[in-house]
Every structure is written in C-alpha cells, then in structure tokens.
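> Return atomic coordinates for the entry below.
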Amino acid sequence: MNSSYQLSERASLRLGLGLGGDRDRLTEQIKGVDYKHDSRTIAIVSSLSLYHTFLNLYRKLPIYGTVSVVPAYGFTNLQTTHDGADGPIVHTVKENGLNMFAMAGAGFNYQISNRLYGNMSYFFFKKNLSGMNSSHYDWDQGYGLRSITKSFELGVNFKL
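Next up is the predicted model:
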C-alpha cells in the first residue's frame with residue numbers, strides 16, 4: 001500500500017507499507033546423514049521513495065527516475081531435522097532483525113482512466129546497506145532471469 005504527495009509538477013514523494021515472506025526447503029547429506037532444513041521468513045517493509053519525471057511524452061507517457069530507502073524488519077524460523085540413534089532430532093532457530101535497502105530505477109506511468117493510472121519500474125540498483133548478510137538471497141543475484149523479474153515493479157494507482 002502506498003501514499004503519495006505531489007511536491008511539484010514533476011516530483012512526488014511516496015511512502016509505502018508492505019508485508020512479504022519466503023519459504024525455503026532443502027535436504028542435504030553430510031557424512032551419510034540426511035538433514036532436512038525448512039525455513040520461513042516474514043517481513044514488514046516500509047519505503048520512502050522520490051519520483052522525478054524526466055520526460056513526459058505527449059503528456060500521456062511520463063518517464064521517471066526513482067530512488068528509495070527501504071527498511072525491512074524480518075522474522076525467520078529455521079527447523080533442521082535429522083535421524084539420530086534414538087530417532088529424529090529437531091533443532092529450531094528463531095531470528096529477527098532489521099535490514100536497510102537502497103534502490104534506484106526508472107519507469108513510466110500510463111493513464112487508464114481519469115482517476116486510475118498504472119506504473120511500471122525497473123530497479124537497476126539494489127543494495128543492502130546493513131551488510132552482506134543476505135546479498136545472495138535478497139534479489140537472487142546471479143540467477144539471470146529470476147534476478148531480473150524480481151527487479152520489476154508493477155502497480156495500479158487511484159488519484160483522489
């Protein structure tokens with residue numbers, strides 16, 4: 001969910017709030033013992049973004065640049081199971097923390113009706129300012145097409 005304030009004809013400030021998560025399951029064998037890992041992460045995310053329209057093609061297709069600061073507070077629960085001498089052994093780890101992300105991108109708006117318009121952005125710069133603790137997972141960096149698809153933003157907006 002986003003709320004926007006129009007600073008000028010070409011600039012706006014947007015504040016967003018979101019909820020997201022991910023689940024990962026993995027089985028690996030170490031020294032002949034099968035380990036099953038099951039993790040679930042839930043994150044509460046807010047964003048502060050500045051949008052600036054650089055080009056307004058025929059007053060119908062505004063092309064803009066955007067920069068964002070995105071704090072995300074997440075909760076992760078990891079459960080690892082393996083067979084021991086007396087049966088299955090389960091280890092559970094719970095972790096939570098705050099990560100701060102910076103993003104920059106470009107996109108365009110398209111008008112659907114008088115009060116309804118859509119937008120599409122591609123974020124070409126994404127960085128975890130909190131460190132490299134999860135750089136492999138944040139946007140699946142290094143996975144080609146999956147990394148690219150996680151960099152798109154697609155939205156529909158209603159003007160009051």
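> Would you verify that Tyr73 is located in a strand?
Yes. The assignment for Tyr73 by DSSP: H, G, I helix; E, B strand; the rest coil puts it in a strand.
> Wait, it touches Ile42, no?
No. Tyr73 is not in contact with Ile42 according to CB atoms under 8 Å; the separation is 9.6 Å. Using the backbone N, CA and C atoms, a C-beta is placed for each residue, glycine as well.
> For Ser3, what are phi and psi?
phi -130, psi 140 (degrees, to the nearest 10).
> Skipping adjacent residues, who's closest to it in space?
Distances taken as CB to CB, 6 or more residues apart in numbering put Leu15 closest to Ser3, at 5.3 Å, once the chain neighbours are dropped.
> May I have the strands that pair with the helix or strand hosting Lys126, each with its orientation?
For Lys126, the host element (DSSP states H and E) is strand 116-128. Strand 116-128 pairs in its sheet with strand 87-111 (antiparallel), strand 152-158 (antiparallel), by DSSP bridges.
> Now do the contacts for Tyr35.
Shown in contact with Tyr35 (CB atoms under 8 Å, 6 or more residues apart in numbering): 27-29, 80-82.
> again, only using 10 Å
For Tyr35, the contact set (CB atoms under 10 Å, 6 or more residues apart in numbering) comprises 26-29, 80-83, 89, 91.
> same thing with Met1?
Per CB under 10 Å, 6+ apart, neighbours of Met1: 15-19.
> how far away is it from Leu19?
Relative to Leu19, Met1 is positioned 10 Å away (CB to CB, to the nearest Å).
> Over to Ser12?
Ser12 sits 23 Å away from Leu19, taking CB to CB as the criterion.
> Now do stretch 74-84: everything it contacts.
The contact list for stretch 74-84, computed with CB under 10 Å, 6+ apart, reads 20-22, 24, 26-30, 33-45, 88-99, 134.
> thinking again about what came up before, what's the closest of the strands paired with strand 116-128 to Phe123?
Proximity to Phe123 (CB to CB) singles out strand 87-111 among those, at 3.7 Å.
> Go through the closest one and flag the buried ones.
99, 101, 103, 105, 107-109 (16 or more other CB atoms under 10 Å).
> Lys126: which of the residues you listed is nearest?
Met103 (5.1 Å).
> what's the neighbour count on the closest residue to Gly97 other than its chain neighbours?
Of all residues not flanking Gly97 in the chain, Gly74 sits nearest, at 6.6 Å (CB to CB, 6+ apart). Gly74 has 18 neighbouring residues, counting by other CB atoms under 10 Å.
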